[in-house]
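Visitor: What follows is a predicted structure for the sequence shown.
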Amino acid sequence: MHVLIVTDQHPESLGGVQVAIRLQRRYLERLGHRVTIAAPALHRRGYVADPADRESYVDLPSMPITRDREYGLSLPGRRTDRVLAAALSGLPAVDLVHVQGDFWGALIGLRAARGLRVPLVITMHNHVDEGTRAVTPFAPLVFGALRLWRGLALGRCRGPVSREARGAWRYLAQLAAEASAVTAPSRHFADELQRHGVSPRVLVTRGGVDDAAIAEVRALPRTPRRRPRLVWLGRMSHEKRVLEFVDAVGESGIDADVVLHGAGLLLPRVRDRIARLGIGDRVTVAGPVPYRDALAAMRDADALVQTSMGFETQGLTPFEAAVLGTPTVFCDPEIADDVAVSTGWRVPDGSVSALARTLQEAVAAIAEDPAAHRVPESEARDFLQSAQIEVLLDVYERVVAAHRR
């Protein structure tokens with residue numbers, strides 16, 4: 001089978017979706033399938049594609065949209081169509097298009113599926129409603145603009161759209177109307193998509209965790225420490241609530257080493273907040289790190305802190321942490337329910353004070369007996385990519401078989 005994946009951002013850029021896509025490609029290829037990934041060309045300074053990836057990546061014409069040039073935008077239209085078609089012309093015929101993006105990647109992918117006349121699977125990774133409302137007071141205008149953009153790029157919607165779908169959900173429902181299968185990376189987000197009329201049936205295809213990387217990192221010794229170590233990983237943006245986490249560390253007064261991994265628009269403010277609160281002796285900003293180093297940081301930590309609320313559609317890092325044996329301090333109860341392991345801590349509400357109190361509780365428990373709070377390996381085996389790729393492949397095979405019939 002030849003699967004064309006189309007996504008909003010280059011697979012080598014930072015982000016949980018990108019990690020999931022890279023792993024899916026690797027494990028599908030191990031099973032004998034071909035995967036081509038089309039995404040905006042990456043403008044990060046110094047980036048050179050690994051030779052092993054060049055045949056699998058199609059770099060679409062793009063422009064950088066963030067100051068650090070990590071993320072780009074490709075315009076759906078004839079020029080992009082031509083570049084994608086030329087890249088595919090010398091390859092085996094595409095059997096299925098898998099859209100793993102919610103914006104320009106979705107529009108480009110739908111145009112590709114129409115042109116290739118192959119079935120379409122859409123995985124909706126982005127909580128467009130919550131994420132947009134978190135960054136602008138003009139969310140309804142943005143939702144209207146998205147629907148207008150979809151109409152300009154794709155024309156009339158080729159499928160039924162539920163009357164229950166409104167705002168951002170209607171935009172997603174218009175995308176889903178053309179799909180043979182709609183999936184989400186978690187049960188809680190699949191339920192929300194169904195509840196808002198995006199699709200009557202949304203399957204769950206989780207992003208898995210790389211078996212080989214986990215085995216390698218699990219074998220590493222954990223470093224000695226004199227006090228508990230907490231780790232935070234992610235994009236430093238408002239919806240991730242990284243500033244609230246820094247404030248909670250300051251308010252809690254915990255005697256722990258806290259390391260922040262990641263980058264983003266809020267990075268300068270994060271550094272300033274740490275300095276202003278006078279907690280630089282406890283809180284370190286490690287910045288962006290390679291995936292293996294991120295896993296190693298989670299393995300070495302006594303707890304991961306997950307701070308976003310109502311935004312993540314899966315929240316991959318708590319799954320990765322669990323497979324590595326590391327418990328999580330959960331701010332989002334839905335992510336905690338999806339992970340569903342026996343160890344960890346839940347913050348009772350979204351306030352900084354509640355997070356500070358939970359950090360105090362977690363650090364005290366870890367200091368008393370660190371080993372008692374490690375996640376048992378048996379509880380997290382299903383999170384591995386080897387298990388999750390079978391779920392995704394089953395969706396592909398059913399969709400392609402139905403299309404051929």
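Guide: That came through, no problem. Since we're looking at a predicted model, the values are computed, not measured.

Visitor: Could you use CA atoms for every contact and neighbour count after this?
Guide: Fine.

Visitor: Tell me the first helix or strand C-terminal of the worst-scoring helix or strand of the chain on mean pLDDT.
Guide: When each helix and strand of the chain is scored by mean pLDDT, DSSP states H and E, helix 51-54 comes last, with a mean of 81. Toward the C-terminus, helix 51-54 is succeeded by strand 57-60 as the next helix or strand (DSSP states H and E).

Visitor: Give me the three-state assignment for the nearest residue to Glu12 once chain neighbours are set aside.
Guide: Closest residue to Glu12 apart from its sequence neighbours, by Cα to Cα, 6 or more residues apart in numbering: Gln18 at 6.7 Å. Of the three states, Gln18 takes helix under DSSP: H, G, I helix; E, B strand; the rest coil.

Visitor: Return the set of buried residues in stretch 274-290.
Guide: 274, 279, 282-285, 287-288 (16 or more other Cα atoms under 10 Å).

Visitor: with these in mind, which one is nearest to Thr205?
Guide: For the buried residues of stretch 274-290, the closest approach to Thr205 (Cα to Cα) belongs to Pro288, at 26.9 Å.

Visitor: how much space is there between that closest one and Pro64?
Guide: Relative to Pro64, Pro288 is positioned 18 Å away (Cα to Cα, to the nearest Å).

Visitor: can you check Pro40 too?
Guide: From Pro40 to Pro64 the distance is 9 Å (Cα to Cα).

Visitor: and if you look at Glu379?
Guide: Taken as Cα to Cα, the span from Glu379 to Pro64 is 41 Å.

Visitor: So for the helix ranked longest in the chain, mean pLDDT?
Guide: Looking across the chain with DSSP state H, the single longest helix is helix 385-404. Average pLDDT, helix 385-404: 94.

Visitor: would you list every one of the strands in the stretch 151-300 of the chain?
Guide: For the stretch 151-300 of the chain, the strands defined by DSSP state E, counting those that start in this stretch cover 181-184, 203-204, 229-233, 257-261, 283-287.

Visitor: Dump those strands to a markdown table, plus distance to Val246 and mean pLDDT.
Guide: Output for the strands of the stretch 151-300 of the chain, formatted as a markdown table (distance: least, Cα to Cα, whole Å; pLDDT from 0 to 100):
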| stretch | distance to Val246 | mean pLDDT |
| --- | --- | --- |
| strand 181-184 | 31 | 97 |
| strand 203-204 | 33 | 96 |
| strand 229-233 | 10 | 97 |
| strand 257-261 | 9 | 97 |
| strand 283-287 | 8 | 94 |
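
Visitor: buried ones in stretch 337-347?
Guide: Quick answer for stretch 337-347 (16+ other Cα under 10 Å): 339, 341, 343-347.

Visitor: Stretch 153-162 now?
Guide: Counting neighbours by 16+ other Cα under 10 Å, the buried set in stretch 153-162 is 153-154, 161-162.

Visitor: next one: stretch 50-62
Guide: Quick answer for stretch 50-62 (16+ other Cα under 10 Å): 57-62.

Visitor: Now flag whichever of the residues you listed is closest to Ala372.
Guide: Of these, the one sitting nearest to Ala372 (Cα to Cα) turns out to be Tyr57, at 44.1 Å.

Visitor: Contacts only, for that closest one.
Guide: Contact analysis of Tyr57 by Cα atoms under 8 Å, 6 or more residues apart in numbering lists 36-39.

Visitor: okay, now the residue nearest to Arg187 when sequence neighbours are not counted: neighbour count?
Guide: Of all residues beyond its chain neighbours, the one nearest Arg187 is Val204 (6.0 Å), with distances taken as Cα to Cα, 6+ apart. By other Cα atoms under 10 Å, the residues close to Val204 number 21.

Visitor: I figured Val204 was touching Pro185, is that so?
Guide: Yes - the pair Val204 / Pro185 is scored as a contact, 5.6 Å apart, by Cα atoms under 8 Å.

Visitor: Please give me every residue in contact with Asp257.
Guide: 227-230, 282-284.

Visitor: could you redo these as a markdown table and give each row distance to Arg374?
Guide: Converted to a markdown table, the contacts of Asp257 look like this (distance: Cα to Cα, whole Å):
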| residue | distance to Arg374 |
| --- | --- |
| Arg227 | 16 |
| Pro228 | 13 |
| Arg229 | 13 |
| Leu230 | 13 |
| Arg282 | 23 |
| Val283 | 23 |
| Thr284 | 23 |
